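Enquirer: Provided below are the primary sequence and the corresponding predicted coordinates.
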Amino acid sequence: MDKKDSFIIDEMIKLIGPLFKAHPWHGVPIGDLAPREVTAYIELIPSDTIKYELDKNTGYLKVDRPQQFSNICPLIYGLIPQTYCAEEVADLCSKATGKENVVGDKDPLDICIITEKTISYSDILVKAIPIGGFRLIDGSEADDKILSVMKEDAIYGQWKDLSEVPSSLIERIKHYFLTYKDAPQSTKRKCEITHIYGHEEAYQVITRSQKDYLNHYGPLAESLQHCKDVWKKNNEK
């Protein structure tokens, strides 16, 4: 999405914002500096004992399921607006792993945000700086997890790449994603993490997910313009 499209979207949001809440996935711009800086919509915080996720149809948070046992997400967690994991993301995963028949999980791209601050609420927007990610495969679905730091975070904002993050924290995050869907006494994990990558690979995943979004949902600016044209036509009758 170029700056002109982003400007149009921002202006449309300013016009309709007082009347309607923007859809967190479709109505919030990813940001002009993507993939180096992105907007993140927060669905889950570390104190949540229920796993919440965005209802893609309505734009509201919904209960997905209770968190499994004592498995609590160690970071604030959510999605990157105007991204989608489909053919482009799956192709990148397949080439990196050598696995065939990989498909995207058909969800927005997930993101975790490291910050020294306590975030007490979800359903908020945060500016994040991607520094790496996990190449996670759930069954046969590519389900990458982008890792980031909160923009201008006083402690962790200096980190530019996942290689700077203590291994103990990486292992803690990794453990959560490897086990958060497992049943008790299960000996077979549903999820696997094939690679842990740095910021350059994270940029590629984000860019691929943007392409998937455009391929499946079309440029948002064009959709908004179509709605505007229909409204104008109906009011001219």
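Expert: It's in.
Enquirer: list the contacts of the nearest residue to Asp144 once chain neighbours are set aside.
Expert: On the basis of C-beta to C-beta, 6 or more residues apart in numbering, the spatially nearest residue to Asp144 that is not a chain neighbour turns out to be Val205, at 5.0 Å. (C-beta placed from N, C-alpha, C; glycine too.) When the contact criterion is C-beta atoms under 8 Å, 6 or more residues apart in numbering, the partners of Val205 are Val89, Leu92, Leu109, Gly133, Asp144, Ile146.
Enquirer: quick check, Val205 in a strand?
Expert: No - looking at Val205 with DSSP: H, G, I helix; E, B strand; the rest coil, it is helix, so not inside a strand.
Enquirer: Ser94 versus that one, what's the distance?
Expert: According to C-beta to C-beta, to the nearest Å, Val205 stands 13 Å off from Ser94.
Enquirer: same check, this time on Val38
Expert: Counting by C-beta to C-beta - Val38 and Ser94 are separated by 24 Å.
Enquirer: okay, those two: which has more neighbours?
Expert: Under the criterion of other C-beta atoms under 10 Å, the comparison of Val38 against Ser94 puts Val38 first, with 27 against 16.
Enquirer: show me where the chain has its helices.
Expert: For the chain, helices defined by DSSP state H occupy the ranges 3-16, 87-97, 167-179, 199-217, 220-236.
Enquirer: quick check: buried residues in the longest one?
Expert: Neighbour-count burial for helix 199-217, counted by 16 or more other C-beta atoms under 10 Å, picks out 199, 201-214.
Enquirer: number of residues surrounding Val63?
Expert: Residues contacting Val63 under the criterion other C-beta under 10 Å number 10.
Enquirer: can you check Glu87 too?
Expert: Neighbours of Glu87 (other C-beta under 10 Å): 16.
Enquirer: again with Pro74
Expert: For Pro74, the neighbour count with other C-beta under 10 Å is 14.
Enquirer: skipping adjacent residues, who's closest to it in space?
Expert: For Pro74, the spatially nearest residue (C-beta to C-beta, 6+ apart) is Arg172, at 5.3 Å.
Enquirer: that neighbour contacts Ile72, doesn't it?
Expert: No - contact status for Arg172 versus Ile72: not in contact, 10.5 Å apart, counting by C-beta atoms under 8 Å.
Enquirer: okay, these two: which has more neighbours?
Expert: Neighbour totals were compared for Arg172 and Ile72, and Ile72 leads with 16 against 12 (other C-beta under 10 Å).
Enquirer: quick one, what contacts the more buried one?
Expert: Contacts here follow C-beta under 8 Å, 6+ apart; on that basis Ile72 touches Pro46, Ser47, Asp48, Thr49, Tyr176.
Enquirer: same deal with Lys56?
Expert: Listed by C-beta under 8 Å, 6+ apart, the contact partners of Lys56 are Trp25, Asp107.
Enquirer: mind doing that once more with 7 Å?
Expert: For Lys56, the contacting residues are Trp25, by C-beta atoms under 7 Å, 6 or more residues apart in numbering.
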